[in-house]
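# mind looking at a prediction? Sequence and model below.
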Amino acid sequence: MLTCPHCGSQNPDYYTQCPNCGSALSAAQQQAAAPVSYAAPSYQPAEPVTTTGGWFGWYMLMSLLPIIGTIIMLCSTKDPSAKNYAKLMLILQIIAIVLYIIMFICMAASGSLSSMNY
């Protein structure tokens with residue numbers, strides 16, 4: 001970091017002019033600045049990926065316990081694509097439930113339910 005001789009603000013090494021006061025930063029200051037050290041990039045682990053067997057297991061769980069299985073999948077997986085799939089399935093299941101309720105209300109209003117034999 002370079003220190004401005006006029007205002008004393010700290011500036012990056014590659015600045016030739018102080019953005020705070022506008023005075024020129026001397027070449028001697030730039031040469032006296034500490035050499036730039038390059039750090040190795042930090043290791044970032046890859047995102048988790050759900051295997052074929054894992055997808056089969058999630059599918060079976062959501063088939064046997066539709067809403068509960070979807071919530072379990074949403075809360076327990078770390079794979080972003082699996083989380084997005086669980087969100088989609090939850091939305092579709094809620095839409096299906098709402099449509100079934102509307103259909104039931106329409107059938108009850110038309111009197112169709114009384115003619116059904118159970």
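Alright, I've got the coordinates. Numbering: from 1, shown residues only.
# C-alpha from now on. contacts and neighbour counts both.
OK.
# any idea how far residue 47 is from residue 79?
7 Å (CA to CA, to the nearest Å).
# neighbour count winner among these two?
The neighbour comparison of residue 47 against residue 79 (other CA atoms under 10 Å) goes to residue 79, with 14 against 9.
# center of this structure - which residue?
Nearest to the geometric centre of the chain sits residue 80, at 7.2 Å (CA atoms, centre = their mean).
# what about residue 5, how many residues nearby?
Neighbours around residue 5, by other CA under 10 Å: 14.
# now it. Nearest residue, chain neighbours left out?
Distances taken as CA to CA, 6 or more residues apart in numbering place residue 25 nearest to residue 5, at 7.5 Å, with adjacent residues excluded.
# got phi/psi on that neighbour?
Here is the backbone geometry of residue 25 (degrees, to the nearest 10): phi -90, psi 130.
# now the residue nearest to the centre of the chain: how far from residue 48?
Taking CA to CA, one finds residue 80 at 8 Å from residue 48.
# and the helix or strand hosting residue 54, what other elements does it pack with?
Residue 54 belongs to helix 52-64 when assigned by DSSP states H and E. Counting contacts by 3 or more CA pairs under 8 Å, 6 or more residues apart in numbering; DSSP states H and E, helix 52-64 is packed against helix 66-76.
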